[in-house]
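> Here you go, sequence then predicted model.
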Amino acid sequence: MQSIIDLERMAAGHWRGTEEEWLGGWLLRAAEGFTGRANSVLPLGDPGMPLDEALAAVTQWYRARGLPPMMAVPGPIAADSPPQGLDHLLSERQWLTRSGPAFVMLADLPLGIDLDGLPAGREVLASPEPDDAWAARYHYRGQDYLPPVARKVLTSAPEQLFVSIRDGGEVIAIARLSIADGLAGLSAVEVHADHRRQGLGGAITAAACLAAGQRGLSRVFLQVEVGNAPARALYTRLGFRCSHRYHYRIAPA
């Protein structure tokens, strides 16, 4: 079975910071504050120095960029597990837990479901770049618009496809498929508020995973907030299973 650290190392290539720097086995990432993944430390090994020195270096690196020092901390699925290892050490140093922990989920391809025939007038499109209509449908954490750096982050993987379901000229569902290290990644899944409860979440997921299978990929992963029960239920029905969970720790002021 693949370890959590190995999977996190592979996943890091799917959603990258515009700036990245290694501190021993820690990957420091920054992207002007757009998304936690692209603006946090990913601890993949030993930082190569005592912990307090490493945390001081991390703090200086992020504050020089006007960002809060933040670390992604992967761990076991169980919510009631006490802090262990690095998480425990950060807790002792008053690094606070940010709200919104997430699960990492995996599925084998093909998913075992077909992309049902769409109603007349609807079609699936995929492009290596997000056009303006796709970008306008993506509302990261409810934001009304994406900052300019978002396009750099969205296109940071070695390869990606921006999949959409369109009804005439209107984009009603989107997903981003990324490809790195022989693994497919699913992100930026969103359905237009006026078209929910029509099976479009499953349809756009199936369309993205079909494209991954056509490129010879056998596994796909995604990240979903623990509190997003409808999305978790959908992905479970489609064959995804939880690998682990992660949360962020933020340095004290």
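Good, I have the coordinates. Residues are numbered from 1 along each chain as shown.

> my guess is L27 meets E19, correct?
No - with contact defined as CB atoms under 8 Å, L27 does not reach E19; the gap is 11.1 Å. C-beta: built from backbone N, CA, C; applies to glycine.

> Looking at those two, which is more packed in?
L27 (21 against 14; other CB atoms under 10 Å).

> element containing the more buried one, please.
Element membership of L27, judged by DSSP states H and E, is strand 26-30.

> Remind me which helix or strand F103 belongs to.
Judged by DSSP H and E, F103 forms part of strand 102-108.

> What are the buried residues along that strand?
By neighbour count with 16 or more other CB atoms under 10 Å, strand 102-108 contains the buried residues A102, F103, V104, M105, L106, A107.

> Does the strand holding L27 pack against any helices or strands, and if so which?
Helices and strands touching strand 26-30, as assessed by 3 or more CB pairs under 8 Å, 6 or more residues apart in numbering; DSSP states H and E, comprise strand 19-23, strand 41-43, helix 51-63.

> Please enumerate residues in contact with the first one?
Yep, that's strand 19-23 we're talking about. By CB atoms under 8 Å, 6 or more residues apart in numbering, the residues outside strand 19-23 that reach it are 27-31, 41, 47-49, 54, 57-58, 61, 65.

> so that strand versus helix 51-63, what angle?
Using axes from the mean of the first three to the mean of the last three CA atoms, to 10 degrees, one finds that strand 19-23 and helix 51-63 are set 170 degrees apart in direction.

> Parallel or antiparallel, which strands does strand 19-23 pair with?
strand 26-30 (antiparallel) (DSSP bridges).

> Just the helices from the stretch 101-250 of the chain, written as ranges.
Assigned by DSSP state H, counting those that start in this stretch, the stretch 101-250 of the chain shows helices spanning 132-137, 149-154, 200-214, 229-237.

> how about the ones you listed, which one is nearest V163?
helix 200-214 (4.8 Å; CB to CB).

> Please export the C-alpha coordinates of the closest one as CSV.
Extracted C-alpha coordinates of helix 200-214, given in CSV (Å, rounded to 0.1, in the frame of the first residue of the first chain):
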residue,chain,number,x,y,z
LEU,A,200,-24.2,17.1,-13.1
GLY,A,201,-21.7,16.5,-10.3
GLY,A,202,-21.5,12.9,-11.1
ALA,A,203,-21.5,13.6,-14.9
ILE,A,204,-18.6,16.1,-14.8
THR,A,205,-16.6,13.7,-12.5
ALA,A,206,-17.3,10.9,-14.9
ALA,A,207,-16.3,13.0,-17.9
ALA,A,208,-13.0,14.0,-16.3
CYS,A,209,-12.2,10.5,-15.2
LEU,A,210,-13.0,9.1,-18.6
ALA,A,211,-10.4,11.6,-20.1
ALA,A,212,-7.9,10.3,-17.5
GLY,A,213,-8.5,6.7,-18.5
GLN,A,214,-8.2,7.5,-22.2
